[in-house]
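# Just to be clear, the model below is a prediction. Sequence and coordinates:
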Amino acid sequence: MSIGFVFLVVLALGGLAYWLGRQRGMAFAVAGGARVGAVHSRPQYHGAFVAIMALLPAFLVLAIWAVMGEGLVAREVLSGLPAGAVGDSDLERSAFLSEVRGLVRGDYAAAFNPSAEGAASAWKLASARYGLLFASASLALGLMGGLWAWTRLKPDFRARTRVERFMMILLVVASLVAILTTFGIVASLVFESFRFFQMVSPIEFLFGTQWSPQTAIRADQVGSSGAFGAVPLFWGTIFIGAIIAMIVAIPLGLMTAIYLTQYAAPAFRKVAKPVLEVLAGVPTVVYGFFAALTVAPAVRDFAISIGISNASSESALAAGLVMGVMIIPFVSSMADDALTAVPASMRDGSLAMGATPSETIRKVMIPAALPGIVGGVLLAVSRAIGETMIVVMAAGLAANLTANPFNSVTTVTAQIVALLTGDQEFDSAKTLSAFALGLVLFLVTLALNIYALAVVKKYREAYD
């Protein structure tokens, strides 16, 4: 019995519990008549209380099944094997269990280990048995919880208080999960970066100009000492995401927002704004294909036509242009909302004083909407800095420290993907350098956010 099927059954049980509780609450309301205070809570709160008490224990059992079920099955399968069938090391047991799972899923036609065929049959039996056990426990506890809650319902029962308290606890737990996840991400970055800086000097990493992390496994191999100077990566990230892309996105996005809010007819704005925001929903790999197959060759042909013979087929300019087009909706939407939120009295007052529409936009509307515009630009910069697919497909992976937009460069995110792709050992400087790059990227983004908040606070005080 699959966990997905049981999940749907539990959801159906919750719906039935809600209906039964609501019906009982409606009966209380009818019996109470018009007397004030005869029934404490409305029928939907009675139904919600019964549904919560039915779903909570059932989902708890399903969560335990999802986390521990496979481990219990694997332990039973290994305990049933004869001595010597599987090696004593954790690596050998892991490889054997991986082969058994592949046989169970049908990924492998035959087994390499002679014991894997029998273990696969035992895995299926144990999985079915544990699945039936957990499913029965989930449904039984759900029924018991729903029945107990249904018997508690009375006209004066404070169902609304219980439901609201549960929702408050749920919101607090969700907030704690988000906060703890953030702390966990930061802690993992700091811990792994500390391990990296024990192998490589922070000065070399932050100020070195040579990036070649391909270290060898043995000291006698060629290239046993890699170079971890990350300046070319930082420059590539800034060059593509914060310079070229912003040169494209900020003017186009801001002018688009100004036209749609100040000059366009309402009918045209109603159509143009959603069409423009479709750009934000296009997958980045599609932009990458467009950049690699269309924009990059065009940029290279243009460079050759103006006498630049060493132009690369993968260039910073191609990636930056496409990335700028991709983030135009972030700038335009935020600027549009900010300009729309400016009080009409400010615009009307400027026009009444004799200012032209363009002067009003430049000297009144844009300064008043600057916090929202800055927020949109910040969002666009963060999106550009974190982009990977366009860089990999259109700018390449060469860590070049160059200001020539027709040359190939790379970014921090592209290198993180390259370093962590495939089987890696997390005790080498090559792999740990990805965490150091991530930590630097996190700190830069944090600094951008702090600066943007300072700008927003300054202008809010001026225009509130």
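Received the coordinates, thanks.
# Identify the residue spatially nearest to Pro405, adjacent ones excluded.
Beyond its immediate neighbours in the sequence, the residue positioned closest to Pro405 (Cβ to Cβ, 6 or more residues apart in numbering) is Leu317, lying 3.8 Å away. The C-beta positions use only the backbone N, C-alpha and C, and glycine is treated the same way.
# which ones are touching that neighbour?
Under the criterion of Cβ atoms under 8 Å, 6 or more residues apart in numbering, the neighbours of Leu317 are Ile244, Val299, Pro405, Phe406.
# ok, the second one touching Phe406?
So the one you mean is Val299. Yes. Under the criterion of Cβ atoms under 8 Å, Val299 is in contact with Phe406, at a separation of 6.9 Å.
# one step back: check the contacts of Leu317 against Gln23 and report the nearest one.
The shortest gap between Gln23 and any of the contacts of Leu317 belongs to Ile244, at 63.6 Å (Cβ to Cβ).
# Report the residue spans of this structure with pLDDT below the cut-off.
Applying pLDDT under 70 to the chain flags residues 1, 29-38, 82-90, 92, 106-114, 116, 214-226, 422-424, 456, 458-464.
# Next, the spatially most central residue of it: phi, psi?
For the chain, Gly386 is the residue whose C-alpha lies nearest the centre (Cα atoms, centre = their mean; 11.2 Å). Backbone torsions of Gly386, given as degrees, to the nearest 10, read phi -90, psi 0.
# So it is in contact with Val412, correct?
No. Here Gly386 lies out of contact with Val412, judged by Cβ under 8 Å, at a distance of 9.1 Å.
# Now Pro343: closest residue in space, sequence neighbours ignored.
For Pro343, the nearest residue in space outside its immediate sequence neighbours is Ala368; the separation is 7.9 Å by Cβ to Cβ, 6+ apart.
# Could you do Ala119 as well?
Excluding the flanking residues, the one nearest Ala119 by Cβ to Cβ, 6+ apart is Val100, at 4.7 Å.
# Would you confirm that Arg383 contacts Ile328?
No. Proximity of Arg383 to Ile328 does not meet the contact threshold set by Cβ under 8 Å, at 10.9 Å.
# Comparing the two, which residue is more hemmed in?
Ile328 (24 against 20; other Cβ atoms under 10 Å).
# Quick check: chain neighbours aside, which residue is closest to that one?
Gly253 (4.7 Å).
# Now do the helices in the stretch 1-150 of the chain.
With DSSP state H, counting those that start in this stretch, the ranges of helices along the stretch 1-150 of the chain come out as 3-32, 43-79, 90-105, 116-152.
# can you redo these as JSON lines with mean neighbour count and distance to Val374?
Conversion of the helices of the stretch 1-150 of the chain to JSON lines gives the following (neighbours: other Cβ atoms under 10 Å; distance: least, Cβ to Cβ, whole Å):
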{"stretch": "helix 3-32", "mean neighbour count": "17", "distance to Val374": "44"}
{"stretch": "helix 43-79", "mean neighbour count": "19", "distance to Val374": "42"}
{"stretch": "helix 90-105", "mean neighbour count": "16", "distance to Val374": "51"}
{"stretch": "helix 116-152", "mean neighbour count": "18", "distance to Val374": "50"}
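# Of all those, which one is nearest Leu441?
Judged by Cβ to Cβ, the one of the helices of the stretch 1-150 of the chain that comes nearest to Leu441 is helix 43-79, at 31.5 Å.
# what's the spacing between that closest one and its chain's center?
Helix 43-79 sits 26 Å away from the centroid of its parent chain (Cα atoms, centre = their mean, to the nearest Å).
# tell me what that helix is packed against?
Contact here means 3 or more Cβ pairs under 8 Å, 6 or more residues apart in numbering; DSSP states H and E; on that basis helix 43-79 packs against helix 3-32, helix 90-105, helix 116-152, helix 159-199.
# could you redo the last one with a cut-off of 6 Å?
If you count contacts as 3 or more Cβ pairs under 6 Å, 6 or more residues apart in numbering; DSSP states H and E, helix 43-79 packs onto helix 3-32, helix 116-152, helix 159-199.
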